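Enquirer: kindly return the folded structure for what I paste below:
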Amino acid sequence: MNTNIPDILQRGEGISVEFKTSFNDEVIETLCAFANTEGGIVYVGVNDDGKVADVTVGQESVQKWVNEIKNKTQNQIVPNVEVLEIEHKNVVVFCISENPVKPIAYKGRFYKRIKNSNHLMSVDEISNEHLRTVNSSWDFYIDPNHTLNDLSEQKIAKFANKIREKEFFNQINLTDTEILNKLELFRDGKITFASYLLFVNEYCPISDIQIGRFKSPTMIIDSISLNTDLISEVENTIAFIKKHLQVEYIITGEPQRIERFDYPLDAIREIVINMIVHRDYRDSSASIIKIYDNRIEFFNPGKLYGGLTVEDLLSGNYTSKSRNKLIAKAFKEIGTIERYGSGIMRVREICRDYGVIKPYFNEVFNGFQVILYSERTDKNENIENVPENVEKGTEKGTEKGTEKGTEKGTEKLSVNQQKIIENIKVNSTISIKELSEIVGIAESKIKANIAKLKSRGILERVGADKGGYWKISQNQKLTEQTQNISNNKRIAKQ
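Expert: Numbering: from 1, shown residues only. Sure thing, here's the model as predicted:
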């Protein structure tokens with residue numbers, strides 16, 4: 001326990017420190033939240049501003065409080081307790097470590113600590129926390145609804161042969177079943193959720209991917225629905241997307257010309273694989289891919305796993321955690337995944353090297369979204385430096401490159417303006433500060449872009465700054481149609 005109490009009181013409350021003037025149920029709730037996060041200390045007898053308020057401590061008070069904490073938590077927690085005298089007043093200090101078995105409940109409810117407050121955990125967070133505690137994942141469990149008869153022997157044999165080619169096991173003469181047993185895809189003669197998804201014989205209701213080629217948000221010119229095994233879905237998804245990409249042929253003087261697609265195929269493949277491997281298959285929603293003239297939108301059910309944020313992914317400063325451990329391992333062993341946890345960084349590097357602006361990542365609708373853009377960086381710029389400019393929305397990047405006039409004097413929305421519109425569609429009460437953090441540009445530039453959108457009749461503010469909301473006008477539809485017309489005039493030939 002930290003004995004430098006005055007410094008702690010001066011710093012105030014935080015992710016691992018809480019002040020309470022008296023012992024009550026809120027103390028137990030906070031200890032529960034600490035136990036479910038990284039541990040922490042509750043100082044009873046201290047005001048919110050860090051001033052010592054004194055607390056009455058009887059001969060049996062501390063033991064009574066400890067028993068109350070124990071009886072009101074499941075699994076039961078017992079904190080370390082110490083009574084200190086600070087400024088001639090009593091302060092009771094409750095210290096709890098991160099619990100090895102999580103989550104801990106208080107009166108049947110589960111809390112976690114975020115910054116300086118307790119947050120009620122969702123059902124999904126409770127489930128994920130439990131799976132992490134037992135070092136497991138959903139796909140590891142036995143599928144109670146399906147048997148070996150629901151799997152394809154041909155798909156299993158093809159998978160096992162790839163494993164043998166990789167020489168994953170010392171004994172290459174193992175049978176197909178023995179290989180799957182070693183990978184824990186089969187256990188005790190039964191199939192897991194992972195093996196069902198990987199080798200399902202025919203139709204799979206929980207692996208659906210919906211892909212469409214859009215000319216506008218409401219006009220679809222081609223589409224496909226996939227409900228098969230995950231390994232086949234990777235190739236089928238990529239094949240459909242590739243069919244709708246534009247390609248130009250570059251003559252180099254060599255006997256064979258070079259094909260250049262408007263999007264980097266390696267980035268598309270990386271995104272598709274990550275979608276399929278890391279999707280939350282407990283969610284009834286489908287994975288959705290929308291191909292527009294100037295972008296491809298990928299949406300996957302399930303937010304980032306393990307408490308990760310978009311900022312963590314972009315910084316690269318995180319430890320990879322897999323929602324579906326067996327599925328990820330299976331893809332790794334057949335060589336589909338090269339490295340765990342490097343997908344986002346690889347996609348950004350590929351786009352940078354390809355000379356297109358950086359992709360967009362966001363958590364929306366209880367899922368994760370990636371947007372690839374076909375917009376190329378300024379050819380006069382050093383490609384190594386362009387993505388940073390583009391991401392910040394400087395004149396050398398996105399703003400300058402995408403706000404050129406199109407037909408009939410209608411301006412094309414910049415990428416940053418598109419991001420603003422997309423996020424307002426999701427949350428009409430979103431703040432300037434939140435938009436700045438999501439889009440990745442300064443608040444002043446967010447305000448400047450919003451002013452442009454307002455002047456063009458695309459966006460308006462209804463109500464006051466506080467308590468009001470954003471409204472997207474019908475003019476936005478006309479703008480999107482005009483952008484599509486402009487994009488269709490590209491020189492690239494199919």
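
Enquirer: list the buried residues in the helix or strand encompassing residue 416.
Expert: Using DSSP states H and E, residue 416 falls within helix 415-426. Within helix 415-426, the residues that qualify as buried are 415, 416, 417, 418, 419, 420, 421, 422, 423, 424, counting by 16 or more other CB atoms under 10 Å. Quick note: C-beta positions are derived from backbone N, CA and C, even for glycine.

Enquirer: skipping its backbone neighbours, what lies nearest the fourth one in space?
Expert: Sequence neighbours aside, residue 295 is the residue nearest to residue 418 in space, at 7.9 Å (criterion: CB to CB, 6 or more residues apart in numbering).

Enquirer: on the pLDDT front, check the one you found for me.
Expert: Looking at residue 295, its pLDDT is 94.

Enquirer: give me every residue that touches it.
Expert: 371, 372, 373, 374, 418 (CB atoms under 8 Å, 6 or more residues apart in numbering).

Enquirer: cutoff 10 Å now
Expert: Going by CB atoms under 10 Å, 6 or more residues apart in numbering, residue 295 touches 214, 263, 359, 360, 371, 372, 373, 374, 375, 415, 418, 487.

Enquirer: rewinding a little: name the nearest of the buried residues of helix 415-426 relative to residue 450.
Expert: The closest of the buried residues of helix 415-426 to residue 450 turns out to be residue 420 (CB to CB; 6.7 Å).

Enquirer: host element of the residue nearest the centre of the chain?
Expert: The residue lying closest to the centre of the chain (CA atoms, centre = their mean) is residue 304, at 2.9 Å. Residue 304 belongs to no helix or strand when assigned by DSSP H and E.

Enquirer: dump the contacts of residue 295 to CSV, plus secondary structure and pLDDT.
Expert: Output for these, formatted as CSV (DSSP: H, G, I helix; E, B strand; the rest coil; pLDDT from 0 to 100):
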residue, secondary structure, pLDDT
214, strand, 94
263, coil, 95
359, coil, 95
360, strand, 94
371, strand, 96
372, strand, 96
373, strand, 94
374, coil, 92
375, coil, 88
415, helix, 81
418, helix, 85
487, helix, 43
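
Enquirer: make a markdown table out of those and add distance to residue 140.
Expert: Below are those laid out as a markdown table (distance: CB to CB, whole Å):
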| residue | distance to residue 140 |
| --- | --- |
| 214 | 37 |
| 263 | 35 |
| 359 | 31 |
| 360 | 33 |
| 371 | 32 |
| 372 | 32 |
| 373 | 37 |
| 374 | 39 |
| 375 | 42 |
| 415 | 40 |
| 418 | 40 |
| 487 | 45 |
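
Enquirer: between these, which is closest to residue 9?
Expert: Of the contacts of residue 295, the one sitting nearest to residue 9 (CB to CB) turns out to be residue 360, at 43.2 Å.

Enquirer: contacts only, for the closest one.
Expert: Here residue 360 is in contact with 295, 297, 310, 369-373, 391, 415-416, 418-419, 422, 438-440 (criterion: CB under 10 Å, 6+ apart).

Enquirer: from residue 438, how far out is it?
Expert: 9 Å (CB to CB, to the nearest Å).

Enquirer: anything in contact with each of those two?
Expert: Contacts common to residue 360 and residue 438, judged by CB under 10 Å, 6+ apart, are 310, 419, 422.

Enquirer: mind checking the SS state of the closest residue to the first one other than its chain neighbours?
Expert: Right, residue 310. Spatial nearest neighbour of residue 310, chain neighbours left out: residue 361 (5.2 Å); criterion: CB to CB, 6+ apart. With DSSP: H, G, I helix; E, B strand; the rest coil as the basis, residue 361 sits in strand.

Enquirer: let me know the secondary structure of residue 275.
Expert: helix.

Enquirer: oh, I was asking about residue 446
Expert: Applying three-state DSSP: residue 446 is helix.

Enquirer: hmm, it is touching residue 470, no?
Expert: No. Contact criterion CB atoms under 10 Å: residue 446 and residue 470 do not qualify, at 11.9 Å.
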